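Visitor: Pasting a predicted model and its sequence here:
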Amino acid sequence: MALNIIRGLALLNLRRLTDEELTTLEPVNMTNDVLWNPSKYDLAPSIDEDWFAAFTDYYSLLSDTELLRNHNNISVFGAKSTLIPRDYESLRPYFLGMPSDVVRLTYDATTQYYSNYSASAGQVHMYKSPYPAANVFRRSEDVSTDTLYADITAWGGATCMQVFVGTVSHYIHGYECRTDKEFARILEDEIRFHGAPNRILSDMAKAEISKRVEELLRR
């Protein structure tokens, strides 16, 4: 059987058998019929002092900013807190020839720490950015929002709906609620389900500019 290995996972392509194959082919058992013992391959190196001793020399070569180690957790960090000096004049061709002051202000307004990770041996491979905002799906448009109220209570007790409208896609989505004070929770759901917008456009209602909402938008 040909197994495909994709990102560390073994995959076996399967298809539904035809009626002829079901009646003519002999079944082959691919698994053992004995009772499964899940503890057969147990391994706990975190409580084995000899296992850590074998790596003492290796870990002693790493700086304090690169290694945080104890017997229950090993994590390798390479983030540095200082920025690399840049020659903004030489970067002008990459910014359509804009003045060096414009290039500098552009860098000041963006996150510059993404590439500042050391390439030390043994560094943990990260599939998600350590910056939470970078792991959020982006909607790439402004979103308008407002609260619509009803005279009659809906099924489940909802008396109003928070509506979001994409200014480019014109995609409309609403969330039922009982009061506009639920806006922060609803905004989290909107970002989780449809991505983070560039901006939230609203009528500046108190619930829509609360400190909780401001914290969500900052993240």
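Guide: Received, thanks. No experiment lies behind these values; they were computed from the predicted model shown.

Visitor: What are the boundaries of the helices in this structure?
Guide: For the chain, applying DSSP state H gives helices covering 19-24, 49-53, 56-59, 100-108, 183-194, 211-218.

Visitor: In terms of secondary structure, what does the last one contact?
Guide: Spelled out, it's helix 211-218. On a contact count with 3 or more Cβ pairs under 8 Å, 6 or more residues apart in numbering; DSSP states H and E, helix 211-218 meets helix 183-194. All C-beta atoms are positioned from the backbone trio N, CA, C, and that covers glycine.

Visitor: what's the answer for the longest one, then?
Guide: Helices and strands in packing contact with helix 183-194 are listed as strand 160-166, strand 172-177, helix 211-218; criterion 3+ Cβ pairs under 8 Å, 6+ apart.

Visitor: Check the offset of the longest one from the chain's centre.
Guide: Taking Cα atoms, centre = their mean, to the nearest Å, one finds helix 211-218 lying 18 Å from the centre of the chain it belongs to.

Visitor: That one versus helix 183-194: what angle between them?
Guide: 20 degrees (axes from the mean of the first three to the mean of the last three Cα atoms, to 10 degrees).

Visitor: re earlier: relative to residue 39, which of the helices of the chain is closest?
Guide: Closest approach to residue 39 among the helices of the chain (Cβ to Cβ): helix 49-53, 19.2 Å.

Visitor: So, low pLDDT: which residues of this protein?
Guide: Within the chain, the stretches with pLDDT under 70 are 1, 30-33, 51-84, 111-133, 219.

Visitor: which residues in it form strands?
Guide: Using DSSP state E, the strands of the chain run over 4-6, 9-11, 67-70, 73-76, 143-149, 160-166, 172-177, 200-201.

Visitor: could you dump those to JSON lines with distance to residue 102?
Guide: Putting those into JSON lines (distance: least, Cβ to Cβ, whole Å) gives the following:
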{"stretch": "strand 4-6", "distance to residue 102": "44"}
{"stretch": "strand 9-11", "distance to residue 102": "46"}
{"stretch": "strand 67-70", "distance to residue 102": "39"}
{"stretch": "strand 73-76", "distance to residue 102": "38"}
{"stretch": "strand 143-149", "distance to residue 102": "29"}
{"stretch": "strand 160-166", "distance to residue 102": "30"}
{"stretch": "strand 172-177", "distance to residue 102": "37"}
{"stretch": "strand 200-201", "distance to residue 102": "27"}
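
Visitor: With respect to burial, which of the helices of the chain scores highest?
Guide: helix 183-194 (a mean of 17; mean count of other Cβ atoms under 10 Å).

Visitor: tilt between that helix and strand 143-149?
Guide: Helix 183-194 runs at 130 degrees relative to strand 143-149, counting by the same axes, to 10 degrees.

Visitor: could you check the angle strand 160-166 makes with helix 183-194?
Guide: 40 degrees.

Visitor: still on that earlier bit, tabulate the helices of the chain (CSV), appending distance to residue 150.
Guide: Listed next are the helices of the chain as CSV, based on distance: least, Cβ to Cβ, whole Å:
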stretch, distance to residue 150
helix 19-24, 56
helix 49-53, 63
helix 56-59, 63
helix 100-108, 47
helix 183-194, 16
helix 211-218, 23
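
Visitor: between the ones you listed, which one is nearest to residue 139?
Guide: Residue 139 lies closest, by Cβ to Cβ, to one member of those: helix 183-194, at 6.2 Å.
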